[in-house]
Every structure is written in C-alpha cells, then in structure tokens.
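Asker: sequence and predicted structure below; questions after.
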Amino acid sequence: MDAPTTTSAGNGTSGDSGGGGWFTPRKAPKPSEGGEQTRPESGEPESPETSEGRRVSAIRPLGRSGPTAPAPENGPVPIPEHRPAAGPEDAAEERIPSARQASDSALASDSALAPTPAPAPTPAPAPEPAPAPGPMQSGPPALSRPAAELSPKGSPDAIRVQRTMAEIEPVADKVTSYFYALLFTRHPDLRPLFPAAMDTQRDRLLKALLTAAELIDHTDVLADYLKNLGRGHRKYGTRSEHYPAVGECLIGSLSRYASAVWDEETEAAWVRTYTRISQIMIDAAAADELRAPAWWLAEVVSHDLRTPDIAVVTVRPDQPYPFLAGQYTSLETPWWPRIWRHYSFASAPRPDGLLSFHVKAVPAGWVSNALVHHARPGDVLRLGAPAGSMTVDHTTDSGLLCLGGGTGIAPIKALVEDVAEHGERRPVEVFYGARTDHDLYDIDTMLRLQQTHPWLSVRPVVDDHAQFPEAVREYGPWNEYDAYLSGPPGMIRSGVDALRDVGIPAGRIRHDSVEELMATAD
Ligand SMILES: NC(=O)C1=CN([C@@H]2O[C@H](COP(=O)(O)OP(=O)(O)OC[C@H]3O[C@@H](n4cnc5c(N)ncnc54)[C@H](O)[C@@H]3O)[C@@H](O)[C@H]2O)C=CC1
C-alpha cells in the first residue's frame, strides 16, 4: 500500500491503538547491506507438430468439428457436456489473471494494494486484467465464503466493521473516489507511488483493505496473504510511515459514507482492525528487507515468438533470484512504469539462473503487448519477489494431476521439471488445454518431457467450448493425486468443480487463483 500517514495514538504495537488514534509503526529493522533465441527449450518446432514430425494427438470433445488431427493414441476422449462456459473475458486475460478478473483482484495478488494501472499519455490501451493472484491452495474454506457467513457472531470489532461495510456497499464507487481524493490531496508525496492513471483498478487498494478488515477475525488465514502483500509492496517504494496516511484516509472516507452507523466505537474498531492489518504487512516487509532486495533488474536475453501473440521471454536477473517451481513473480516493463503484472516461472530454477515467462498479448493488455511485441534482448525489466504456493510437496509421493490451459501451461511445465529434478517416480498426468491445435504452442516441449520421463503422461485437449477440465473424468482414478490447475479463471472454476466431483478433496487442489476470496472481496 502506499501511503501515509496519520497520527498515531497507540503505543505502536499491533492491535492496541485503542481507538483513539493511529498507531505508530514499530521501527523496522535496518536493512542489511544489504539464451537464446529462445525458447528455453531451444530447437523446437513452433507448430503443434512434434520434433519428430508427427502431428499432435489431441483430445477433442466428441461430436464437434475442429481442426482435424490424427486420432490420439488412445482415441478421442469424449468430454461430458454440462459445464457452463466462461465469459469471453476469461480467455482474454493474461496471468494476471488467472485468477482474477481485474475487479476481482483485491486480495488476489500483491498488486491489490499497489498502485494501479493508469491510462497512458498516448492512446492507451485499456489496462490488462489484473495479474493472477498468487497461487494458493484451493481456497482456505474460511476465505471462500462471504465474511458475514464466516463470522456471524464475530468479535465486536468484526461486527462493527461488517456493519460499516453493509452501509457503504451501495456507494462503493463514491467511497473509492473520495478515498483516493483524500489520499492524494492530503499526501501528494504519495501520488508518484501510483501509476499515472488511476481510472481503472483504482479500487484495488481500498478493496483489499476492506476485505481484509472484514475478515479480521480470521487473521490466521489472512496472515500469509498479508505478509506476502507487505513484502510485495516493497517494490512500490512503500514505507512503514505510509501506512498511517492510508489508514487516516480510509477512516475519512468510511466515516463520511457510513455516517448512519458511524460512532466513536466504530471508529475505534476500524483503527484497531487497520492497525492489525498494517502491522502484519509492515513487519513482513521489514523482515524481508533483511534478506532480499525490493526488486531485481532483469535483462531480456531472448525473445521467442511462438505464435503471433505468444512469446517466451527469457531474462537474466542482476542478482540471484531464488524461487520454487510453480511460483510466479510480478514484472514491470520500462514502457509502463509502475504497472506490474504477474507471470509464472515457466521452468524450475535453472543452473544458469535464467528465468522464462510465457506471455500472451491480449487486446487491451499494456504489459503483455509490450512484452510480446516490443521487448527485445537487451531490454531491462524489473521483477518483484517470487510468490505463490502452487508448489510440489516433496514430502509425499502422491501423484500429480495437472491441468494447464493456454499459457497456464507455463507453471505446469515448471512443476514437471521440479519432479524430474528430484528424481522421483511419482506419476504426473498433465492435461494441456487449448482452443485450437495452433494454440498448443508448447506441446513440443511437453511431449519431449514425456518421452524422457516414463512417469509423465501429457494429454493435449483441444476444445473451444470451455469443457477442457471435463477431460479428466475419462481417466483416473484420481483419489491418490494432488491436483494443480493453471489457466483462465473460468477454467480454474470449472476445473475445481470437476476435480472435486472425481473425488479430490479441496485441500489437495492447488491453483493460482483466489477466486473464492475475490468473490468475497467483491
Ligand atoms: N502466462 C502465465 O504465466 C500464466 C497464465 N495464466 C493464465 O492462463 C490464461 C491463459 O489464457 P489463454 O492462453 O488465452 O487460454 P484460453 O482462453 O485459450 O484457454 C485455454 C484452455 O482453457 C479452456 N477454457 C477457457 N475458459 C474455460 C472455462 N471457462 N471453463 C473451462 N475451460 C476453459 C479453453 O477451452 C482452452 O482449452 C490467462 O488467463 C492467464 O492469465 C495462468 C498461470 C500462468
């Protein structure tokens, strides 16, 4: 988050600012001193033809026409037809998405509290859908339902917060506008932390704060999210002294638009709640400062256009960049300062330290268009810290059932490489969904991995009717598998349904989406 200040009445510790004023953030610890033309998988054909020259055998729903391809090795697999199709916008999003439709992003990613995109000085394309939220387990149950349901008899503070939220709901837009007007008027020094244009996704910061406040009784569930958020805000230049300013303006807008329920006790409840939230973020950022930079510079070393709108971009970070396969990062281009988007690492950590991303240019995508159509070797990007928990649990030997839709195959490929590097023999079953053969831009790599690793099975599924996840029903049983989903939000949604239907418990389904949480936020 970004902004600053207010007075503090508390003693500076979380949750004890008694309602009379703002806390003073505890002092943060002192920071320590502290290719190829490329496809990372070079030499692969660009079409869905394999390096051996044979066509890809893809699963297709029966009874539908489509680009013909030889029957899959096991024959076409019928896909039950009963899942609702996702809206067209689902398909258009770039990881930033994944999980999220732009407006959903509140708690979905670390950019939620971040400066939001802004229209550019030129005929600016509309901002991209928000980056995909950080992978997290298929929904901590507590976060998958509306807050009111979570705490029907919450703490007195939670009840007051919820009452305020109900009051402002019908005028949410006004609250948002007023909040930013207050923030930028009272604290003009904070304005540069936000993108030039605030007309879209501008409510992310406020939305994230409000949602976290509403869930305050569930801080154990929120803690990881808030810590990640606090760490992620380092790259925006957010400092601990900014938090009181944001809190002050938050209270200013709430008291104005929830005047019917606002009183001294309500204000005190909000102060305590906000103090708890912000202190978790501040502490996490301070701890992170001791061990990692706020951002990394990364030079593009190769740019491989796989299709007219999909590129594999490989970068070399200016210093070691530790991460786990299945995680994602936030990325800023020189063309759109302060606009960050999330992309998953498309490979497990490599000995040469290079990082690759699969980027699909979407019609209104500022960052993705720049990366696909303008980025060239030598360009320097900025990367935020790695995040996400869609990682392999190496303490078990369960099989992995992976569904990767479109460019969502990127982290799935990283997971496969991770399993291979650990020398495990656990079964890994990958379903790779695409709308057309041509969209299977990385099938060659996946089939090569399949040839190398007998425990890996890769099944391309060509389907343009939003029924890709249904393909898993024809295989299995899956009850001994952990599931990983990556792709458009609609695919994640229907994929979770399909996987639960085939017997995989929610706790064993991981994905890059916090839709449930986002739904709550909205
Ligand atoms: N680039 C990256 O690092 C990552 C990207 N993502 C996300 O993956 C998505 C990829 O987009 P595209 O390549 O355009 O994929 P797409 O829209 O072409 O869809 C890929 C596959 O998912 C299926 N699908 C789409 N919507 C569906 C729905 N509602 N229900 C069931 N199946 C559905 C399609 O039929 C297709 O088989 C983006 O939303 C992106 O944000 C996710 C993780 C990482």
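Answerer: Now that the structure is in, tell me what you want to look at.
Asker: check which helix or strand covers Ala311.
Answerer: Element membership for Ala311, per DSSP states H and E: strand 310-317.
Asker: next to the ligand, which bits of the stretch 151-300 of the chain? Give me the list.
Answerer: For the stretch 151-300 of the chain, no residue is in contact with the ligand (C-beta under 6 Å from any ligand atom). (C-beta placed from N, C-alpha, C; glycine too.)
Asker: quick one: strands adjacent to the strand holding Ala311?
Answerer: Applying DSSP bridges, strand 310-317 is found paired with strand 296-307 (antiparallel), strand 355-360 (antiparallel).
Asker: same list, the ones you listed, but as JSON lines with mean neighbour count and mean pLDDT please.
Answerer: Listed next are these as JSON lines, based on neighbours: other C-beta atoms under 10 Å; pLDDT from 0 to 100:
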{"stretch": "strand 296-307", "mean neighbour count": "20", "mean pLDDT": "98"}
{"stretch": "strand 355-360", "mean neighbour count": "26", "mean pLDDT": "98"}
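Asker: mind giving me the packing neighbours of the strand or helix carrying Ser278?
Answerer: Assigned by DSSP H and E, Ser278 belongs to helix 264-289. Contact partners of helix 264-289 among helices and strands, from 3 or more C-beta pairs under 8 Å, 6 or more residues apart in numbering; DSSP states H and E: helix 156-168, helix 204-214, helix 219-232, helix 242-257.
Asker: pull out the buried positions in the helix or strand following the first one.
Answerer: The one in question is helix 156-168. For helix 156-168, the succeeding helix or strand toward the C-terminus, using DSSP H and E, is helix 172-186. By neighbour count on 16 or more other C-beta atoms under 10 Å, the buried set for helix 172-186 is 172, 175-180, 182-184, 186.
Asker: mind giving me JSON lines with these and columns for pLDDT?
Answerer: Converted to JSON lines, the buried residues of helix 172-186 look like this (pLDDT from 0 to 100):
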{"residue": "Ala172", "pLDDT": "88"}
{"residue": "Val175", "pLDDT": "92"}
{"residue": "Thr176", "pLDDT": "88"}
{"residue": "Ser177", "pLDDT": "89"}
{"residue": "Tyr178", "pLDDT": "94"}
{"residue": "Phe179", "pLDDT": "92"}
{"residue": "Tyr180", "pLDDT": "90"}
{"residue": "Leu182", "pLDDT": "95"}
{"residue": "Leu183", "pLDDT": "94"}
{"residue": "Phe184", "pLDDT": "93"}
{"residue": "Arg186", "pLDDT": "96"}
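Asker: distance check, Ala287 against the ligand.
Answerer: For Ala287, the distance to the ligand equals 27 Å [C-beta to the nearest ligand atom, to the nearest Å].
Asker: for Pro363, see how far away the closest residue to Leu226 other than its chain neighbours is.
Answerer: Distances taken as C-beta to C-beta, 6 or more residues apart in numbering place Ile280 nearest to Leu226, at 4.3 Å, with adjacent residues excluded. Computed with C-beta to C-beta, to the nearest Å, the distance linking Ile280 and Pro363 is 38 Å.
Asker: who's more crowded, the two?
Answerer: Using other C-beta atoms under 10 Å, the more surrounded residue of Ile280 and Pro363 is Ile280, with 21 against 11.
Asker: on that earlier part again, mean confidence for the helix holding Ser278?
Answerer: Throughout helix 264-289, pLDDT has a mean value of 95.
Asker: now swap in stretch 444-451 and tell me
Answerer: For stretch 444-451, the per-residue pLDDT averages 97.
Asker: export that stretch as PDB, just CAs?
Answerer: C-alpha atoms of stretch 444-451 as PDB (Å, rounded to 0.1, in the frame of the first residue of the first chain):
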ATOM      1  CA  ASP A 444       6.500 -30.000 -28.300                       C
ATOM      2  CA  THR A 445       8.300 -29.300 -25.100                       C
ATOM      3  CA  MET A 446       5.700 -31.200 -23.100                       C
ATOM      4  CA  LEU A 447       5.900 -34.200 -25.400                       C
ATOM      5  CA  ARG A 448       9.700 -34.200 -25.200                       C
ATOM      6  CA  LEU A 449       9.400 -34.300 -21.400                       C
ATOM      7  CA  GLN A 450       7.000 -37.200 -21.700                       C
ATOM      8  CA  GLN A 451       9.500 -39.100 -23.900                       C
END
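Asker: got the CA positions of the strand holding Ala311 in PDB?
Answerer: What follows is strand 310-317, C-alpha atoms only, in PDB (Å, rounded to 0.1, in the frame of the first residue of the first chain):
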ATOM      1  CA  ILE A 310       2.500 -15.600 -27.600                       C
ATOM      2  CA  ALA A 311       6.200 -15.100 -26.700                       C
ATOM      3  CA  VAL A 312       8.600 -16.900 -24.400                       C
ATOM      4  CA  VAL A 313      10.600 -14.200 -22.800                       C
ATOM      5  CA  THR A 314      13.800 -15.200 -21.000                       C
ATOM      6  CA  VAL A 315      15.600 -12.800 -18.700                       C
ATOM      7  CA  ARG A 316      18.800 -12.800 -16.600                       C
ATOM      8  CA  PRO A 317      18.300 -11.300 -13.200                       C
END
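Asker: what mean pLDDT does it have?
Answerer: Strand 310-317 shows a mean pLDDT of 98.
Asker: what's the angle from the host helix or strand of Leu331 to strand 296-307?
Answerer: For Leu331, the host element (DSSP H and E) is strand 328-332. For strand 328-332 against strand 296-307, the angle by axes from the mean of the first three to the mean of the last three C-alpha atoms, to 10 degrees is 100 degrees.
Asker: on that earlier part again, turn the strands paired with strand 310-317 into a markdown table, columns for distance to Lys207.
Answerer: What follows is those, written out as a markdown table (distance: least, C-beta to C-beta, whole Å):
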| stretch | distance to Lys207 |
| --- | --- |
| strand 296-307 | 28 |
| strand 355-360 | 26 |
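Asker: wait, which of those strands is closest to Phe431?
Answerer: Closest to Phe431 of the strands paired with strand 310-317, according to C-beta to C-beta: strand 355-360, at 17.0 Å.
Asker: now the element after the closest one, going C-ward?
Answerer: Assignment by DSSP H and E places the next element after strand 355-360 at helix 366-373.
Asker: now do the contacts for the residue of the stretch 301-450 of the chain found nearest the ligand.
Answerer: Closest to the ligand within the stretch 301-450 of the chain is Gly406: 1.9 Å, counting by C-beta to the nearest ligand atom. Counting by C-beta atoms under 8 Å, 6 or more residues apart in numbering, Gly406 makes contact with 91, 360, 433-435, 439, 487-488.
Asker: let's go with 7 Å and repeat that
Answerer: Taking C-beta atoms under 7 Å, 6 or more residues apart in numbering, we find Gly406 in contact with 360, 434, 439, 487-488.
Asker: and if you look at Thr164?
Answerer: Residues near Thr164 by C-beta under 7 Å, 6+ apart: 254, 258, 261, 266.
Asker: now with 8 Å?
Answerer: Residues near Thr164 by C-beta under 8 Å, 6+ apart: 254, 258, 261-262, 266, 270.
Asker: show me which of the residues you listed is closest to the ligand.
Answerer: Of all the contacts of Thr164, the ligand sits closest to Leu254, with 32.7 Å by C-beta to the nearest ligand atom.
Asker: ok, that closest one - how many residues close by?
Answerer: Around Leu254 there are 26 residues (other C-beta under 10 Å).
Asker: skipping its backbone neighbours, what lies nearest it in space?
Answerer: Leu254's closest residue in space is Thr164 (C-beta to C-beta, 6+ apart), at 5.7 Å.
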